[in-house]
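Trainee: Next one to model:
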Amino acid sequence: MSRKIVVGYDGSPASQRALDFAITRAAALGDSLIIAHVLEWSPYSFLTPTEIEERHTRRQEELDRAEAAIIAPMVKKVEASGVPVTSVMKYGHIADTLCKIAENENAALIFIGRMGHSGLSSRIFGSVAGTLAQVSPVPVTIVP
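Mentor: Numbers count the residues shown, from 1 in each chain. From the prediction side, this is the model:
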């Protein structure tokens, strides 16, 4: 039975390792991949009326750039491996949004790369991988 695997992908070396691992696993088990790219967008910024009007246009431009530069090349790479693949791009908090994508897509797993930060800011604020491991509705594989 084919399962869906969500792969958090942002173009970083860590996310590339997670995608490569997911491709190998999906190919071996007959699973499909969902490449998920989340753009963080703060709902708490104070905007002028003009900026509010321009916000939608700027968001769409960012999504278009991310699709062309980050997602499309990776979809082609996965397709070349013979693994079924789709992609999703959303705005929001990364861990929460990946969880929502997994729920909406009825995914069985989430794969994400670990950035390797171990400084004070990661201990105080947490990391995406750490947060995801705690709140995900499905098992999470954190690829080093």
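Trainee: Just give the number of residues close to Val140.
Mentor: Other residues lying near Val140 total 22 when counted by other CB atoms under 10 Å. To be clear about C-beta, it is placed using only N, CA and C from the backbone, and glycine gets the same treatment.
Trainee: Val88 is in contact with Ile34, correct?
Mentor: Yes. Contact criterion CB atoms under 8 Å: Ile34 and Val88 qualify, at 5.9 Å.
Trainee: just the strands in the protein please.
Mentor: Here the chain has its strands, by DSSP state E, at 4-8, 32-39, 85-91, 109-113, 140-143.
Trainee: want to throw those into JSON lines with mean pLDDT?
Mentor: Below are those laid out as JSON lines (pLDDT from 0 to 100):
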{"stretch": "strand 4-8", "mean pLDDT": "97"}
{"stretch": "strand 32-39", "mean pLDDT": "95"}
{"stretch": "strand 85-91", "mean pLDDT": "94"}
{"stretch": "strand 109-113", "mean pLDDT": "95"}
{"stretch": "strand 140-143", "mean pLDDT": "94"}
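Trainee: okay, those strands in JSON lines with distance to Asp20 next?
Mentor: As requested, the strands of the chain are exported to JSON lines (distance: least, CB to CB, whole Å):
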{"stretch": "strand 4-8", "distance to Asp20": "10"}
{"stretch": "strand 32-39", "distance to Asp20": "11"}
{"stretch": "strand 85-91", "distance to Asp20": "13"}
{"stretch": "strand 109-113", "distance to Asp20": "10"}
{"stretch": "strand 140-143", "distance to Asp20": "8"}
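Trainee: right, so of these, which gets closest to Gln16?
Mentor: With CB to CB as the criterion, Gln16 lies closest to strand 109-113 of these, at 7.3 Å.
Trainee: quick check: angle from that closest one to strand 32-39?
Mentor: 50 degrees (axes from the mean of the first three to the mean of the last three CA atoms, to 10 degrees).
Trainee: Adjust the sequence numbering to begin at 8 for everything that follows.
Mentor: Understood, numbering begins at 8; the last thing we discussed is strand 116-120.
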